[in-house]
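S.K.: The sequence and its predicted three-dimensional model are supplied below.
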Amino acid sequence: MIPAVDIKNITTEKHELTILKTLAYFDIFDYPLNEKEIKNFLTVEINDSAFRLAIQRLISGGVIYKLGEFYSLKNNRQMVEKRLQGNLRAQKLVPKAIKIGSFLYKFPYVRAIGISGSLSKNYADEKADIDFFVITKANRLWITRTILHLFKKLTFLFGKQHFYCMNYFIDEQALMIEEKNIYTATEIVTLLPVSGSEVMNLFFATNNWVKEWFPFHVPVRHLNIPDKSSMFKKVAEWLFDARIGGWVDDLLFKWTTQRWRNKEKRGQKNAKGRVMNLVTCKHFSKSNPEEFQERIIGLYETGVNRFKNQWPQYLD
């Protein structure tokens, strides 16, 4: 005789599994989540009553902790205070980031600008950078990147360089993000568009694979800033739209790639003490100091495996 299967219990465990995985990822950054945020990053749909039941079972089992309105895998109330202070700083910093992003959009061949990093997740520490995700015209990424980074060098004179961290560039020919994992999916769904609404919408549509990770996520994309150009942008694009533009872009790509390879060989570090690393291709450029993305994914997988060993009753 085939033993009866408790369907209700299987469903409950699936609910607990997706909650645990969500908290496991954000706990890497010591960032507790409230109920709304947890639901936004779940992989399994849960109604309110089932959600409360799963949460209560996890709390009763000593697997997770309720810290005021937040939940975490760590029983550390200092994380809550740190988060709340970071949220307040972010609320003050986002308007500045929007203005800067709108300004960066006026540079040649910039087709879209988004706020990325911790600020896009409504958090900023005391030494927060403003990180930007930049989309350029196809085959003009390296002209754009070079001009923007030459401008950034000027900001060092005024101590404002941390407001202009342009760490990730792609062009219109490479809108699909090839690395499809929890880290890149989280970065995409939390990206805050600033300028270039048409291209940014195309980027999100191209990367609809993120629904495999977060099928119920409701992104915060209420920023509606006019896409204002500039005379500098128009003139520069007119000058480089001919064949010479492609030649210059190729030259800058090869030169920048070699320059960064030399930095890596020397073990050169950035302002935060991390070994510098730039992953380059003709159609993208992304900073990945000390293989940050791989490290985060590794920590996440280690955390999930620990749950499987420590609390097998909650995980498949």
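M.R.: That came through fine.

S.K.: does Gln293 really touch Ala185, like I thought?
M.R.: No - with contact defined as CB atoms under 8 Å, Gln293 does not count as touching Ala185 (11.7 Å). To be clear about C-beta, it is placed using only N, CA and C from the backbone, and glycine gets the same treatment.

S.K.: Same drill for these two, tell me which one is more crowded.
M.R.: More crowded of Gln293 and Ala185, by other CB atoms under 10 Å: Ala185, with 21 against 16.

S.K.: Give me the secondary structure label for Thr186.
M.R.: Here Thr186 is recorded as helix under DSSP: H, G, I helix; E, B strand; the rest coil.

S.K.: The stretch 51-200 of the chain: strands as residue ranges?
M.R.: 65-67, 70-72, 110-116, 131-136, 165-171, 192-195 (DSSP state E, counting those that start in this stretch).

S.K.: Count the residues that sit near Trp255.
M.R.: Trp255 - counted by other CB under 10 Å - has 12 other residues nearby.

S.K.: who's in contact with the residue at minimal distance from the centre of the chain?
M.R.: Nearest residue to the geometric centre of the chain (CA atoms, centre = their mean): Glu187, 2.4 Å. Applying CB atoms under 8 Å, 6 or more residues apart in numbering to Glu187 gives the contacts 116, 120.

S.K.: what about it, distance to Asn34?
M.R.: Distance, Glu187 to Asn34, using CB to CB, to the nearest Å: 21 Å.

S.K.: Can you show me the helices along the stretch 1-150 of the chain?
M.R.: 7-27, 35-40, 48-60, 78-104, 141-155 (DSSP state H, counting those that start in this stretch).

S.K.: pLDDT wise, what is Gln161 at?
M.R.: Note for Gln161: predicted pLDDT of 92.

S.K.: which one is it nearest to, not counting chain neighbours?
M.R.: Nearest non-adjacent residue to Gln161, counting by CB to CB, 6 or more residues apart in numbering: Thr155, 4.6 Å away.

S.K.: Spit out the contact partners of the one you found.
M.R.: 161, 163-164.

S.K.: Just give the number of residues close to Phe216.
M.R.: Using other CB under 10 Å, Phe216 is surrounded by 13 other residues.

S.K.: SS state for it?
M.R.: coil.
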